[in-house]
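Trainee: How does the following fold in three dimensions:
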Amino acid sequence: MAANLNEDAYRKEQLEFISNIHGTTAREIILVILPSVCSLLLRITTFVLIGKHLNGITRFITEFIVVLLPTILCFTVYSDSKISVCMALLVASFINVLVVIFTSNSARSGRYLSTHSARRPFLTNFRSLTGVLTAICILAVDFKVFPRRYAKTEVYGFSLMDTGVGFFIMSNALVSPEAKDSSQNVELGFVKAIAKNFVDCVRSCITLLVLGSVRYFSIEYLNYQRHVSEYGVHWNFFVTLAAVKILTSIVTTVLSSRYSLIVGIFIITVYEFVLSQNNVRQWLFSHSREGFVNANKEGLVSTLGYVGLYFIGVAIGRLIHSTYQRASKNQTDKFKVDSYFRIKIFGYIIDARYTESMILCIKLSLIAAQACAAMLFLNSYSRVSRKLANAGYCVWMVTLSTTMLTLLVLIDVITDILKQLSVKEDIGKKTSKVKQESYQLSSIPEILEAVNYNGLPFFLVCNLITGGINLTIKTLYVPDNEALQIITAYVLVSTALFAILYKYKIKIKF
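Mentor: Below is the predicted model:
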């Protein structure tokens, strides 16, 4: 009996620990995510120097230390030294570039040409970072080493963990068939298109609904801590994803994806108007939980905001894919005028063509600036709320996502330039061999490639490990140093497992 009382008291203490959080500033959220992007730059510059000398195990360990460890530190013990960590990563990257330049025998004048590929490394990095950052947070939040201002906000405010669901919605939208402007549905005809969309929707949603149900019953059975006001009593993250998928599939069956931006803005505008009604707000913030609708009102209502966000993500995805499609078309045209600019780095001259990635980088940065201005206005009108997924939150997620995408595209451009610098001139077969090795360099770390290869299974395994740790350890009483060791070991084990699966091309399907 005493043990049960102690356990109940601890669960109550855990619930209070994750409740009544008011978040931090938008600026700090950007700064705490920035080291994960700077780490990718350090990884690229490091692998230009030593990449071909590493085997599978040493490559994984190096990538873990360079790419993931700085993020873990900034989320925990170095949360107040984010800028210093970013500066250290950038300085180390700059030093690596200098070493590449001064040790390279590349020609004083070369020509850097972009290569057109169906793969978009920055999209893979964005999707993988979404999964990894979320995986770190879901365990770290249960320890006191994780700053409370980064935990999910009660109602309004900016926090690190509030970005998780928004990032997942955006990452799904960017690579959706609608974003790629698939014409298959037009070719099939309206009736067949509806049937196909329904079958595809059911197939994907059944998995998410099953996972949502399993999560609910597991929490009930294990008496695991749960913040009811986050999504509701029965609702959770997986059910939200399934509901968004169902609603967006219905809309895209009727309307062309060309109107995604208009549809997204329309839904968010109407939804914001509904939220502004006093009777709606009183109902949302009441404590009544009678009936299914009242029990899950937060999850039901916020789904509308996420649907609007999804369509805006589709519009951004269409912009991305169309930029590369036009560049690929221009490359096949008989008449084409190339525009070059000259880069001079310590006497090394590279004539570089304005590539689609550079153009896209400018487009995304402009969208980020416009979204940021809109977010500041909306936040002054009606504060940002992940719980409601209101207009302010949706625009905030567009701001954060496009900012990250801009930086990730920039890293792709830098990677291509480093490939050119790292090519060493030699004679005979050595030249082609070195060039071949140089162009194997990718801006996607293998550790993130592995996460992206099994994205949903990775997230599920991380949830299971997190639950196991919480059931065996009283995380609130763990000292900061031990907590950091546990979090690091958790990320190491989970990423290593999926790196092995990726090595043997084992894809887990539901």
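
Trainee: For the stretch 351-500 of the chain, give me the ranges with low pLDDT.
Mentor: Filtered on pLDDT under 70, the stretch 351-500 of the chain yields the residue ranges 351-354, 422-440.

Trainee: again, only this time at 50
Mentor: For the stretch 351-500 of the chain, the stretches with pLDDT under 50 are 424-439.

Trainee: swap in the stretch 201-350 of the chain?
Mentor: 334-338.

Trainee: and if you look at the stretch 51-200 of the chain?
Mentor: 106-115, 183, 186.

Trainee: Which stretches in it count as helices?
Mentor: 56-63, 69-75, 82-103, 121-140, 163-174, 184-188, 190-222 (DSSP state H, counting those that start in this stretch).

Trainee: Just put these in TSV and tack on mean neighbour count and distance to residue 302.
Mentor: For the C-beta atoms, the positions are set from N, CA and C on the backbone; glycine is no exception. Converted to TSV, those look like this (neighbours: other C-beta atoms under 10 Å; distance: least, C-beta to C-beta, whole Å):
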stretch	mean neighbour count	distance to residue 302
helix 56-63	16	36
helix 69-75	21	25
helix 82-103	16	29
helix 121-140	23	17
helix 163-174	24	9
helix 184-188	12	28
helix 190-222	15	15
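
Trainee: Out of those, which gets nearest to residue 475?
Mentor: helix 121-140 (8.4 Å; C-beta to C-beta).

Trainee: so what does that closest one touch, helix or strand wise?
Mentor: helix 26-50, helix 69-75, helix 163-174, helix 391-422, helix 446-453, helix 455-472, helix 480-503 (3 or more C-beta pairs under 8 Å, 6 or more residues apart in numbering; DSSP states H and E).

Trainee: isn't residue 126 right next to residue 172, touching?
Mentor: No - applying C-beta atoms under 8 Å, one finds residue 126 not in contact with residue 172, separated by 11.3 Å.

Trainee: quick one on the thing from earlier: so which of the helices of the stretch 51-200 of the chain comes closest to residue 478?
Mentor: That would be helix 121-140 among the helices of the stretch 51-200 of the chain, by C-beta to C-beta, at 11.3 Å.

Trainee: With distance to residue 366 added, can I get the helices of the stretch 51-200 of the chain in TSV?
Mentor: Shown next, in TSV, are the helices of the stretch 51-200 of the chain (distance: least, C-beta to C-beta, whole Å):
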stretch	distance to residue 366
helix 56-63	32
helix 69-75	27
helix 82-103	23
helix 121-140	17
helix 163-174	17
helix 184-188	31
helix 190-222	33
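
Trainee: of those, which approaches residue 388 most closely?
Mentor: helix 163-174 (12.3 Å).

Trainee: got the contact list for residue 407?
Mentor: Going by C-beta atoms under 8 Å, 6 or more residues apart in numbering, residue 407 touches 34, 37.

Trainee: And the closest residue to residue 167 other than its chain neighbours, how close does it get to residue 119?
Mentor: Closest residue in space to residue 167, ignoring its immediate chain neighbours: residue 130 at 4.2 Å, by C-beta to C-beta, 6 or more residues apart in numbering. Applying C-beta to C-beta, to the nearest Å, the value for residue 130 to residue 119 is 18 Å.

Trainee: Equivalent analysis for residue 217, please.
Mentor: Taking C-beta to C-beta, one finds residue 217 at 39 Å from residue 119.

Trainee: cool, and residue 488?
Mentor: 30 Å.

Trainee: With residue 15 instead?
Mentor: With C-beta to C-beta as the criterion, residue 15 and residue 119 are 44 Å apart.

Trainee: same question, residue 376
Mentor: 35 Å.

Trainee: who's more crowded, the two?
Mentor: The residue with more neighbours, out of residue 376 and residue 119, is residue 376; 15 against 9, by other C-beta atoms under 10 Å.

Trainee: State the helix or strand in which that one lies.
Mentor: Element membership for residue 376, per DSSP states H and E: helix 356-381.

Trainee: and that helix, what does it pack onto?
Mentor: Applying 3+ C-beta pairs under 8 Å, 6+ apart, one finds that helix 356-381 contacts helix 297-332, helix 391-422.

Trainee: Looking only at the first one, what residues are buried by neighbour count?
Mentor: The reference is to helix 297-332. 297-321, 323-324, 327 (16 or more other C-beta atoms under 10 Å).

Trainee: residue contacts, residue 442?
Mentor: Residue 442 sits in contact with 121, 415, where contact means C-beta under 8 Å, 6+ apart.

Trainee: before we move on, the earlier item: what would the helices and strands packed on helix 356-381 look like in a markdown table with distance to residue 42?
Mentor: Shown next, in a markdown table, are the helices and strands packed on helix 356-381 (distance: least, C-beta to C-beta, whole Å):
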| stretch | distance to residue 42 |
| --- | --- |
| helix 297-332 | 25 |
| helix 391-422 | 10 |
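
Trainee: how about those, which one is nearest residue 68?
Mentor: helix 391-422 (16.1 Å).

Trainee: And the residue nearest to residue 374 when sequence neighbours are not counted, how close does it get to residue 237?
Mentor: Among residues not flanking residue 374 along the chain, residue 395 sits closest, at 4.9 Å (C-beta to C-beta, 6+ apart). The spacing between residue 395 and residue 237, counted by C-beta to C-beta, is 21 Å.

Trainee: if we can go back for a sec, among the helices and strands packed on helix 121-140, which is nearest residue 103?
Mentor: helix 26-50 (8.1 Å).

Trainee: buried sites along the closest one?
Mentor: Buried residues in helix 26-50 (16+ other C-beta under 10 Å): 26, 28-48.

Trainee: With stretch 246-254 instead?
Mentor: So, applying 16+ other C-beta under 10 Å, buried residues of stretch 246-254: 246, 247, 248, 249, 251, 252, 253.

Trainee: pretty sure the last one is touching residue 197, no?
Mentor: Just to be clear, that refers to residue 253. Yes - Residue 253 lies in contact with residue 197 (C-beta under 8 Å); the separation is 4.8 Å.
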